[in-house]
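K.L.:
Structure here, sequence nowhere to be found:
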């Protein structure tokens, strides 16, 4: 089944060029089916790129999915046009009366700030509280995962000595959960962040389960006992070129970034990187949609 997205969303053209089955609202309304309603709180700066990355992964499912794009009302985007935001995004005020089958909270390049210093922190706290009663399962990515671990469980982040950037090998340490059904014992995930969480802090929370870790990148995948909250410290949604673009961007800013680990062939930035995490990214999102959203959500929200 296709993913249902707004007719003129720029991501639509990209996805159709990749032969991904997308559908607009007009056609979707003619189908007698109960679609899943997913809301994406997109707090990444380049929103159009993130939209495409996430919609691509959500599309690989037999389920019909309606997507709502959400942005913080307390933050003014400097890299996405106001026209795009006005046309395709809603605010929490617009949707807080609704209930959703699933939610995704993205990362944001603001790890250097204490959580309380983020200008939309209070708004984000309200949204995260709202997910407990209005969303079946929420997937938190990178900084979004750190923010949710801090808000829901009091687990703070700490600053790394240098940016963690690269594609890292992860070991699956719990295989009995549906979220990692079909995973290999080892798999790759890109990471791009300046902060981390400590495994021992997560282990103190008996209601949290660590599913995979990396010797270099630390904890990767964590779930709450009931599957209502999924925490993902990496970026499986990244395209093959995303870390390269970030590396070149930081170079242009004069930041002297390290070459991303295990990314460019022979660590040569002149060579094109390989996309070696795609299959597990699709599988993770498909498992989340099927087992933690579709299988758990009520047919009719009360």
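P.N.:
Okay, I see it. All values derive from a computational prediction rather than experimental measurement.
K.L.:
make it CA atoms for all contacts and neighbour counts henceforth
P.N.:
Noted.
K.L.:
could you list every residue that touches residue 172?
P.N.:
183, 184, 185, 186, 187, 211, 212, 213 (CA atoms under 8 Å, 6 or more residues apart in numbering).
K.L.:
Look up the closest residue to the first one, ignoring the ones flanking it.
P.N.:
It refers to residue 183. Spatial nearest neighbour of residue 183, chain neighbours left out: residue 280 (6.9 Å); criterion: CA to CA, 6 or more residues apart in numbering.
K.L.:
Same question for the second one.
P.N.:
Leaving aside its sequence neighbours, residue 184 sits nearest to residue 172 (CA to CA, 6+ apart; 7.6 Å).
K.L.:
any idea how far residue 143 is from the one you found?
P.N.:
Applying CA to CA, to the nearest Å, the value for residue 172 to residue 143 is 22 Å.
K.L.:
picking that back up, just the pLDDT at the residue nearest to residue 184, thanks.
P.N.:
Here the pLDDT value assigned to residue 172 is 97.
K.L.:
again with residue 17
P.N.:
pLDDT, residue 17: 77.
K.L.:
Near residue 104, how many other residues are there?
P.N.:
Neighbour count for residue 104, taken as other CA atoms under 10 Å: 20.
K.L.:
Assign a three-state SS to it, would you?
P.N.:
Put simply, residue 104 is strand when judged by DSSP: H, G, I helix; E, B strand; the rest coil.
K.L.:
Go ahead and confirm it touches residue 142.
P.N.:
No. With contacts counted by CA atoms under 8 Å, residue 104 stays clear of residue 142, the gap being 11.2 Å.
K.L.:
what sits against the closest residue to residue 207 other than its chain neighbours?
P.N.:
Setting aside the residues directly before and after it, residue 207 is nearest to residue 225 in space (CA to CA, 6+ apart), at 5.0 Å. By CA under 8 Å, 6+ apart, the contact list for residue 225 reads 207, 208, 209.
K.L.:
how near is the first one to residue 133?
P.N.:
Note on residue 207: its distance to residue 133, by CA to CA, is 18 Å.
K.L.:
Am I right that residue 174 sits in a helix?
P.N.:
No. If the criterion is three-state DSSP, then residue 174 is coil and not within a helix.
K.L.:
what's the neighbour count on it?
P.N.:
12.
K.L.:
hang on, isn't it packed against residue 222?
P.N.:
No. Residue 174 is beyond contact range of residue 222, at 10.3 Å (criterion: CA under 8 Å).
K.L.:
any shared contact partners between the two?
P.N.:
210, 211, 212.
K.L.:
lowest-pLDDT helix or strand in the chain?
P.N.:
Least confident helix or strand, the chain: helix 25-28 with a mean of 52, by mean pLDDT, DSSP states H and E.
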